[in-house]
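>>> heads up, no residue letters with this:
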């Protein structure tokens with residue numbers, strides 16, 4: 001079977017608007033990485049999960065709603081982390097002021113991930129980051 005035609009391994013979880021959700025999302029991602037036998041780039045992936053989840057809570061999740069975390073491991077070894085929120089607004093490129101207290105989350109994501117971006121969703125948006133991992137231990 002052609003690896004490009006295989007569906008990615010996927011894990012999804014939903015989190016409510018609660019500060020503890022970031023810790024739970026990180027633990028969920030850690031468990032998925034363990035299950036898939038991925039150790040390469042683990043710290044980078046988990047830090048980016050934390051940053052994207054934090055941004056969703058601070059800027060993208062209206063009261064009474066939550067965010068979804070998606071982890072997709074493609075057959076070519078690329079791991080895509082997606083955070084879906086239902087808030088309005090655009091994702092601005094990272095440009096933290098040296099004296100500012102915020103704006104560094106997406107800067108970290110832009111440095112640690114191989115690619116990252118954002119796109120529309122109805123309602124809200126998706127912010128994603130991709131990491132080359134070498135694939136799961138032992139293949140599929």
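Thanks, I have the structure now. Computed from a predicted structure; not experimentally measured.

>>> what stretches of this structure score poorly on pLDDT?
1-5, 93-103, 136-140 (pLDDT under 70).

>>> Once you drop chain neighbours, what's closest to the residue nearest the centre of it?
Geometric centre of the chain, nearest residue: residue 81, 3.4 Å, by CA atoms, centre = their mean. Spatially, and ignoring its direct neighbours in sequence, residue 81 is nearest to residue 129 (5.0 Å; CB to CB, 6 or more residues apart in numbering). (C-beta placed from N, C-alpha, C; glycine too.)

>>> Same check on residue 121?
residue 84 (5.7 Å).

>>> same question, residue 55
residue 105 (5.3 Å).

>>> quick revisit: wait, doesn't the residue nearest to residue 81 sit right on residue 115?
Yes. Using CB atoms under 8 Å, residue 129 is in contact with residue 115, at 7.2 Å.

>>> For those two, indicate the residue with more neighbours.
residue 129 (24 against 12; other CB atoms under 10 Å).

>>> what about residue 56, neighbour count?
Counted with other CB under 10 Å, residue 56 comes out at 27.

>>> May I have the secondary structure class of it?
State at residue 56, reduced to three classes by DSSP: H, G, I helix; E, B strand; the rest coil: helix.

>>> how close does it get to residue 125?
For residue 56, the distance to residue 125 equals 9 Å [CB to CB, to the nearest Å].

>>> Residue 13 now?
Applying CB to CB to residue 13 and residue 125 gives a distance of 18 Å.

>>> So what's the residue count around residue 130?
Residue 130, neighbours per other CB under 10 Å, totals 18.

>>> Which of the helices or strands spans it?
Using DSSP states H and E, residue 130 falls within strand 125-132.

>>> now for that strand, which elements pack on it?
Under the contact criterion of 3 or more CB pairs under 8 Å, 6 or more residues apart in numbering; DSSP states H and E, strand 125-132 touches helix 42-55, strand 78-85, strand 115-120.

>>> Turn those into TSV, columns for distance to residue 133.
Listed next are the helices and strands packed on strand 125-132 as TSV, based on distance: least, CB to CB, whole Å:
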stretch	distance to residue 133
helix 42-55	8
strand 78-85	5
strand 115-120	13
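
>>> Fine by me, we can end here.
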